[in-house]
Every structure is written in structure tokens, then in C-alpha cells.
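>>> fold the following for me, if possible:
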Amino acid sequence: MNLTRNATGAALAAFLLLTSPCTSAQTPGEKLGRGLSGMAFGVLDLPGTILDETRMRGPVGVPIGIAEGLGMVVTRELVGVYEFLTAPFPVPADYRPILSPPYPWDHFH
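Predicted coordinates for the structure are as follows:
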């Protein structure tokens, strides 16, 4: 069991490192990584959107962030499936991200 946990943690760490955003041009691999991250970690958009809204609006941003975050979780998951399935194709042009931020954990920077 401990070996499985270590392997899972190592795989997750490698995935996060390989899919982290960089300043280079977008590639099919990055689009695939965005898709996988959206499907696996889309739920991070809920606390991330709450954080973004409270940074902009103060305490009133909490309920707004909850409402927007719930919608973004669904959106992130669906866009993740789309990006995963269309990773080999440059749609949108040059493999650009559809959502901003491109990765669900980018809210926390």
C-alpha cells in the first residue's frame, strides 16, 4: 500500500511539473496537459474563484465566488474533455488555452 501511495505521489508530481505553464509557444502536449488537468483537478476552480473574487471585492466576493466557482467547475471539466480529445489539432489557433487561467491551480499564484 505504501508503494502505491509513493508511486501515485510521484506520478502526480511529474504530471504537475510537465503541465505547468511556460512562456513558450503552445503545443499539442501542453493542450493535452491542460485537458487532463481540467478533468482531474477542475474542482480547484471553486476555491480559486472564491479567492479571486475576495481579492477583487473583499468579503462580498465570497458568495459571488461560490456561484461563479460552481459554474467554472463544470466549465473546466467540459473544456478539459474537449482539450484532451482535440489535443492533436491546432484548434483554437496555435493550441491557445480556451479558459483563463489555463490551469485550475493558477488561481493560487
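>>> what's the burial count for Val73?
Number of residues near Val73 (other C-beta atoms under 10 Å) recorded here: 19. Yep, even glycine has a C-beta here, placed from its N, CA and C like the rest.
>>> contacting residues around Leu44?
104-105, 107-108 (C-beta atoms under 8 Å, 6 or more residues apart in numbering).
>>> state the distance from it to Tyr82.
18 Å (C-beta to C-beta, to the nearest Å).
>>> where is the longest helix in the chain?
Determined from DSSP state H, the single longest helix within the chain is helix 61-85.
>>> buried stuff in that one?
Using 16 or more other C-beta atoms under 10 Å as the test for burial, helix 61-85 gives 61, 64-65, 68-69, 72-73, 75-77, 79-80, 83-84.
>>> so which residues make contact with that helix?
31-32, 34-40, 42-43, 45-55, 57, 98-99, 104.
>>> try 10 Å
30-57, 91, 95, 97-99, 102-104, 107 (C-beta atoms under 10 Å, 6 or more residues apart in numbering).
>>> which parts of this structure are helices?
2-18, 28-41, 45-57, 61-85.
>>> okay, these in JSON lines with mean pLDDT next?
Converted to JSON lines, the helices of the chain look like this (pLDDT from 0 to 100):
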{"stretch": "helix 2-18", "mean pLDDT": "57"}
{"stretch": "helix 28-41", "mean pLDDT": "96"}
{"stretch": "helix 45-57", "mean pLDDT": "97"}
{"stretch": "helix 61-85", "mean pLDDT": "97"}
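>>> re earlier: save the buried residues of helix 61-85 as CSV, and put in distance to Gln26 too.
Formatted as CSV, the buried residues of helix 61-85 follow (distance: C-beta to C-beta, whole Å):
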residue, distance to Gln26
Gly61, 31
Ile64, 30
Gly65, 28
Glu68, 25
Gly69, 26
Met72, 21
Val73, 24
Thr75, 20
Arg76, 18
Glu77, 21
Val79, 15
Gly80, 16
Glu83, 11
Phe84, 15
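>>> can you name the two of the residues you listed that sit furthest apart?
The distance between the two most remote of the buried residues of helix 61-85 (C-beta to C-beta) is 31.1 Å, for Gly61 and Phe84.
>>> and the contacts of Leu44, which of them are buried?
Buried residues within the contacts of Leu44, counting neighbours by 16+ other C-beta under 10 Å: 104-105, 107.
>>> okay then, goodbye and thanks.
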